[in-house]
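> Make a model of this:
(one chain, ligands or ions: 1)
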Amino acid sequence: MPDATALADRRIALVRADNPGPKTLTGTNTWLLRDEDRAWVVDPGPDLPEHLDAVAAAAEERGGVAGIALTHRHDDHADGVLGLLERVGPVPVATSTGWLPDGAPAGATATTVGEGDAFGPFAVVRTPGHAADHVVFVAGDAAFVGDTVLGEGSVLLVPHEHALRGYLDALTRLRARGLAILLPGHGPVVLDADAKLDEYVAHRLDRERRVVDALAAGSRSADEILDAVWDDAPGILRIAAAVTLRAHLDKLEDEGRLPEGVERQEFGDFDGL
Ligand SMILES: [Zn+2]
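Just a heads-up that it's a prediction; the model follows:
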């Protein structure tokens with residue numbers, strides 16, 4: 001199996017959480033990277049005891065946990081941080097925001113990371129778009145991409161300042177790194193990193209072109225634009241499409257390309273997945 005070889009060659013292991021759903025696909029992927037006979041955990045996942053037990057056991061087999069890297073603070077990636085710290089002891093937790101969960105054991109430390117920083121074996125790439133706080137952790141030719149790229153389908157973009165522009169820029173910076181494989185937060189391993197990154201950029205630009213076409217044809221309400229542009233999104237993902245549409249409209253406004261009278265829905269502090 002090529003996946004298994006690609007992971008084993010890089011001393012990467014996967015523990016998948018049992019939280020499947022339309023947006024989590026087959027469940028959250030928690031990744032372990034062995035480096036210098038310790039394990040680094042990327043995205044502990046949801047707060048499910050069986051899952052966290054399995055992550056802790058896999059880490060123990062690899063010499064214990066040296067640190068926890070969190071791509072972003074959505075529940076399905078971050079809720080398990082506290083339970084994992086309780087199982088493996090106090091270790092550094094890297095996020096872009098310096099976050100630690102309430103009740104973290106004494107000795108656990110928050111490490112704030114940004115573009116170009118190192119965290120253990122990782123180089124950090126800022127990747128806004130899916131979430132304002134999102135970062136990707138790169139080790140050699142492998143990137144732990146969280147929800148910046150999924151193993152299947154496309155990503156929900158959550159509106160924040162310059163979300164879509166920042167997202168496209170992040171995909172371009174990842175593409176420039178000459179990566180071989182992507183380890184996504186959901187879905188299968190991506191063994192052709194550049195093709196997938198190209199596909200993602202092309203997909204976003206295609207959606208943008210279709211949004212512009214729908215506006216040119218006179219669509220103004222969110223429902224009209226969604227019907228025209230996200231006709232392939234199943235009903236359960238309509239809200240995800242609506243949130244992503246907002247990010248597209250914000251970008252067009254930033255660029256002075258948004259006509260008058262277009263409905264832009266508010267989503268409060270919607271944080272999706
Ligand atoms: Zn997410």
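> got the residues of the stretch 101-250 of the chain near the ion?
Residues of the stretch 101-250 of the chain lying close to the ion by C-beta under 5 Å from the ion are residue 147. Heads up, the C-betas are built off the backbone N, CA and C, glycines and all.
> those helices in the stretch 101-250 of the chain, which residues are they?
163-175, 193-216, 222-229, 238-254 (DSSP state H, counting those that start in this stretch).
> Contacts for the third one, please.
This means helix 222-229. When contacts are defined by C-beta atoms under 8 Å, 6 or more residues apart in numbering, helix 222-229 is touched by residues 207, 210-211, 213-215, 217, 219, 233, 238, 241-242, 245, 262-265.
> mean confidence score for that helix?
Average pLDDT, helix 222-229: 96.
> so where's the stretch 1-150 of the chain shaky on pLDDT?
Applying pLDDT under 70 to the stretch 1-150 of the chain picks out residues 1.
> now the strands for it?
12-16, 29-35, 38-42, 65-69, 92-95, 109-112, 118-119, 122-126, 135-139, 142-146 (DSSP state E, counting those that start in this stretch).
> Quick check: which of the ones you listed is buried the most?
Of all the strands of the stretch 1-150 of the chain, strand 142-146 carries the top mean neighbour count, a mean of 28, counting by mean count of other C-beta atoms under 10 Å.
> got the angle between that one and helix 163-175?
Between strand 142-146 and helix 163-175, the angle formed by their directions is 160 degrees, by axes from the mean of the first three to the mean of the last three C-alpha atoms, to 10 degrees.
> Pipe the helices of the stretch 101-250 of the chain into JSON lines and attach mean neighbour count per row.
Formatted as JSON lines, those follow (neighbours: other C-beta atoms under 10 Å):
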{"stretch": "helix 163-175", "mean neighbour count": "19"}
{"stretch": "helix 193-216", "mean neighbour count": "16"}
{"stretch": "helix 222-229", "mean neighbour count": "18"}
{"stretch": "helix 238-254", "mean neighbour count": "20"}
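> who wins for proximity to residue 24 among those helices?
Residue 24 lies closest to helix 238-254 among the helices of the stretch 101-250 of the chain, at 12.0 Å (C-beta to C-beta).
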